[in-house]
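*Asks:* Prediction below, plus the sequence it came from.
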Amino acid sequence: MTKDTPVIEIRNLHKAYGALEVIKGVDITAHRGDVVSLIGSSGSGKSTILRCANLLEDSQQGDILFKGEPVKWAGQGLDRHPADFNQVLRIRTNLSMVFQQFNLWAHMTILQNVMEAPVTVLGRDRAEVEQAARAYLDKVGISDKCDAYPAQLSGGQQQRAAIARALCMEPEALLFDEPTSALDPELEQEVVRVIKDLASEGRTMMIVTHDMKMAADVSDHVVFLHQGLIEEEGAPDILFKAPKSERLRQFLNSTMAA
Ligand SMILES: Nc1ncnc2c1ncn2[C@@H]1O[C@H](COP(=O)(O)OP(=O)(O)OP(=O)(O)O)[C@@H](O)[C@H]1O
Ligand SMILES: [Mg+2]
């Protein structure tokens, strides 16, 4: 891998659910330190692309490369699936996902939540992981919540715990699927601040979001999806200020008005 090898490269991705084709040939590249945002109306395929990228979903055509290494496939068409389970595990643990609904384990404390995967999946030393976990919880501003349970935290705090948990895997990239859309506006800002910090540290991230202001602030590249295809893409200051396609113009008008 050279310095210019992308961390994530998706080429000509096609994905169907049975007869319903939802991704129809999409290319997305994230180099080290890039923040790529995916925007588009509901059902346009944003979540599906993230889930395909970290191999939570199979896809039928196209290549997915992680640091230049192509995913190895077995089977064809609707039967296509990754051929090498160890490769899947390696890629998935390097692309940590943060979901809209946090997905914290209710029966574990916040510290235990953050420590769980590095210890059990990666087999790292427990004492070292604990030290890292405390540092990440401090970084996202909730070091006082180590011993609390998820239900005792606000939504914004829970989402920041989920981000600390993703960071504690020491992944190559972070994938966010609507990280702020389950939150009240004031709690949303706590999470946006953390994401902005991560962007300014040069983390590689792919972010699905309805928050156009955050997308404009943090992204190096914005991809506008429409019905499973890229309708328009570009740098945020161009894409948001001078959209070329009528669809993107309409989409921006409707989301800004909301
Ligand atoms: N498990 C599934 N089975 C069948 N169809 C699905 C499944 N998941 C998603 N779809 C369909 O795939 C298309 C893309 O869905 P996706 O969730 O990627 O959209 P999205 O852009 O993330 O939308 P939203 O903004 O509402 O989250 C939609 O038409 C959706 O109905
Ligand atoms: Mg979605």
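*Replies:* Sure thing, it's come through. Ligands and ions are numbered 1, 2, ... in the order given.
*Asks:* Low-confidence bits of the protein, can you list those?
*Replies:* For the chain, residues meeting the criterion pLDDT under 70 lie at 1, 257-258.
*Asks:* Contacts only, for the residue nearest the centre of it.
*Replies:* In the chain, the centroid-proximal residue (CA atoms, centre = their mean) is residue 175; its distance is 1.5 Å. By CB atoms under 8 Å, 6 or more residues apart in numbering, the contact set of residue 175 is 50, 53, 54, 95, 96, 97, 98, 205, 206, 207. The way it works is simple: take the backbone N, C-alpha and C, and place the C-beta from them, glycine included.
*Asks:* got a list of what the fourth one touches?
*Replies:* For residue 95, the residues meeting the contact criterion (CB under 8 Å, 6+ apart) are 8, 53, 54, 66, 171, 172, 173, 174, 175.
*Asks:* On the strand side of things, show who it bridges to.
*Replies:* Residue 95 has these beta-bridge partners by DSSP bridges: residue 173.
*Asks:* Could you pull out the buried residues of the longest helix along the chain?
*Replies:* The longest helix of the chain (DSSP state H) is helix 185-200. Within helix 185-200, the residues that count as buried by 16 or more other CB atoms under 10 Å are 187, 188, 190, 191, 192, 194, 195, 198, 199.
*Asks:* for stretch 221-234, same thing?
*Replies:* Buried residues in stretch 221-234 (16+ other CB under 10 Å): 221, 222, 223, 224, 225, 226, 228, 230, 231, 232, 233, 234.
*Asks:* Stretch 222-229 and ligand 1 in contact?
*Replies:* No - Stretch 222-229 stays clear of ligand 1 (CB under 6 Å from any ligand atom), getting no nearer than 6.6 Å.
*Asks:* Show me what that stretch is in contact with.
*Replies:* Contacts of stretch 222-229 (CB under 8 Å, 6+ apart): 15, 21-26, 28, 36-41, 43-46, 49, 215-216, 230-236, 239-240, 245, 247-248, 251.
*Asks:* out of these, who's near ligand 1?
*Replies:* Within the contacts of stretch 222-229, those near ligand 1 by CB under 6 Å from any ligand atom are 22, 40, 43, 44, 45, 46.
*Asks:* The residues you listed into JSON lines, with extra columns for secondary structure, neighbour count and distance to residue 125?
*Replies:* JSON lines is the format used below for these (DSSP: H, G, I helix; E, B strand; the rest coil; neighbours: other CB atoms under 10 Å; distance: CB to CB, whole Å):
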{"residue": "22", "secondary structure": "strand", "neighbour count": "17", "distance to residue 125": "42"}
{"residue": "40", "secondary structure": "strand", "neighbour count": "24", "distance to residue 125": "42"}
{"residue": "43", "secondary structure": "coil", "neighbour count": "12", "distance to residue 125": "44"}
{"residue": "44", "secondary structure": "coil", "neighbour count": "22", "distance to residue 125": "43"}
{"residue": "45", "secondary structure": "coil", "neighbour count": "24", "distance to residue 125": "40"}
{"residue": "46", "secondary structure": "helix", "neighbour count": "24", "distance to residue 125": "37"}
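*Asks:* which of these lies closest to residue 80?
*Replies:* residue 22 (15.2 Å; CB to CB).
*Asks:* what does this protein have sitting close to ligand 1?
*Replies:* Near ligand 1, when you scan the chain using CB under 6 Å from any ligand atom, you find 17, 20, 22, 40, 42, 43, 44, 45, 46, 47, 48.
*Asks:* Repeat the analysis, applying 8 Å as the threshold.
*Replies:* 17-18, 20, 22-23, 38, 40-49, 51, 177-178, 208, 210, 225, 228 (CB under 8 Å from any ligand atom).
*Asks:* Brilliant, that's me finished.
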